Structures are given as structure tokens and as C-alpha cells.
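Asks: show me the folded form of this:
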Amino acid sequence: MQSIYIANPDTVRDLSSDLLDPEGQLKIVPSSLYSETTIQERAIFGMRHAFYGFLTIELVHFVKEFIHGRSALEIGSGHGGLARALGIRATDNRMQENEAIRRYYDALNQPVIKYGANVERLDAIQAVAKYRPSVVVASWVTHRYDPRRHKAGGNQDGVTEEDIINGCDAYLFIGNQRIHAGKSIWSLPHEIITPPWLYSRASNGSPDFISIWSKR
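Replies: Just a heads-up that it's a prediction; the model follows:
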């Protein structure tokens, strides 16, 4: 969970008209649009609409090129926009539909994710076991909490990402350096890039990234 400290959020420009379609779905836009926004504007927009990573034309193109026709699915799909743009299956455990989770977010005065109609209710391990994809895509997925690594944080309903990596040929993860620093899979061989066309709601000053764990 991120905390956004702004004296008066109502004074920050609302990006909704530029970034939401008539159905309230996140638009896929050129990254140049985001380059003309501020960190605070992006943070407030993401918080108000329960978006974490944003969709750009460049991001969709990069991931499509990486998949390159292989079987693929997205885990932790949330609103489902990235999977829809990629033309792949979208899956999520849809935990934010649980009443206890909704009450927790209500207490924080934050909205819960509005899951897309294309998002199948499956946790990550179930999804990989069911569909056996070559490529698994994830954006802003939280790792499973391990009491032996308490300081690394995580979520009791999070993903055991080592199992995901073992169950596919390539795992592509999109996230933020500081927010996702606690993942145990950083100890496994991987590639990482920090492209200028990647944007999110993160307001901590660290870069957003794409990292790939691959058997090839």
C-alpha cells in the first residue's frame, strides 16, 4: 500500500478525462501523454480509480513482441486492460471482492479494484496449472508473505512467484523498484530494464521496471 501525502488532493489536476474511456476503463495512450503529467497527478489518479500500473502504447507493443505468438496469460490482472490489449487470458483471485478486504479499503478511504469482465477468478498457481502457458505476465502483483522474511512484506494471499517461474518458460513482471524490492525471486537470474515509457502511480522517486525470468 502506498501513502500519498498531499495537502489538498482537490487542487491536483484530474487526469480522468484524458485517461478513462466512457466505460471507466483505462485507455491505452502514448507515453508522451504521461510525460506531460506530474507524479502527484498520476498518484492521485491511480489512487482514486484503483489503478497501479498505467497502459501505454509502447508497453503493450513491448510485451506483445516479447510473447511473440507463444501461449500466454496474465496473473493478478485486476481491471484486465493489459491482457485485453495483448489478446491473452486474464486471471486474478479477485480478492478485493471479499467483504473483509472491501471493509479494509473503505477504512482507508480508498476504492477497491473494479475487475474486468474478461478476468477469470483463478489464483496464479491455479491459472498456470490450468492453462500451461509459455509466458506469464504480471503487473504490480504482490508476493506471498513469508513470516521467515517478515521485513520483506507481502500478502498472505499473494503469489509464490518461484512456483510461477518453475511452471512456465518466461515470467515477465512490471513493477516499481522500491515497492517491489522485497520479492524473494530477485535472487534468481533475471533481466531488468527501466524504459522511459513506463508509468505508474508510484510516488517514491524510484524507477518503474520490467523484469524477466526466463529459462532460455
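
Asks: my guess is Arg13 meets Arg42, correct?
Replies: No. At 10.4 Å, Arg13 does not count as touching Arg42 under the criterion of CB atoms under 8 Å. Quick note: C-beta positions are derived from backbone N, CA and C, even for glycine.

Asks: now the nearest residue to Ala152 once chain neighbours are set aside: which helix or strand?
Replies: Sequence neighbours aside, Gly182 is the residue nearest to Ala152 in space, at 3.4 Å (criterion: CB to CB, 6 or more residues apart in numbering). If you go by DSSP states H and E, Gly182 is not part of any helix or strand.

Asks: can you map out the helices along this structure?
Replies: Using DSSP state H, the helices of the chain run over 16-19, 31-35, 39-49, 57-67, 81-86, 99-107, 124-131, 161-166.

Asks: weakest of these by average pLDDT?
Replies: If the helices of the chain are sorted by mean pLDDT, helix 99-107 sits at the bottom with a mean of 90.

Asks: could you redo the helices of the chain as TSV and give each row distance to Asp146 and mean neighbour count?
Replies: Written out in TSV, the entries for those read as follows (distance: least, CB to CB, whole Å; neighbours: other CB atoms under 10 Å):
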stretch	distance to Asp146	mean neighbour count
helix 16-19	36	14
helix 31-35	34	15
helix 39-49	27	19
helix 57-67	28	17
helix 81-86	27	22
helix 99-107	20	11
helix 124-131	15	18
helix 161-166	11	18
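
Asks: the nearest residue to Asn155 once chain neighbours are set aside - how many residues pack around it?
Replies: Among residues not flanking Asn155 along the chain, Thr142 sits closest, at 4.5 Å (CB to CB, 6+ apart). Around Thr142 there are 22 other residues, counting by other CB atoms under 10 Å.

Asks: repeat for Arg132
Replies: 11.

Asks: so what's the gap between the lowest-mean-pLDDT helix or strand in the chain and the chain middle?
Replies: Scoring the helices and strands of the chain by mean pLDDT, DSSP states H and E places helix 99-107 at the bottom, with a mean of 90. Mean-position distance between helix 99-107 and its chain equals 20 Å (CA atoms, centre = their mean, to the nearest Å).
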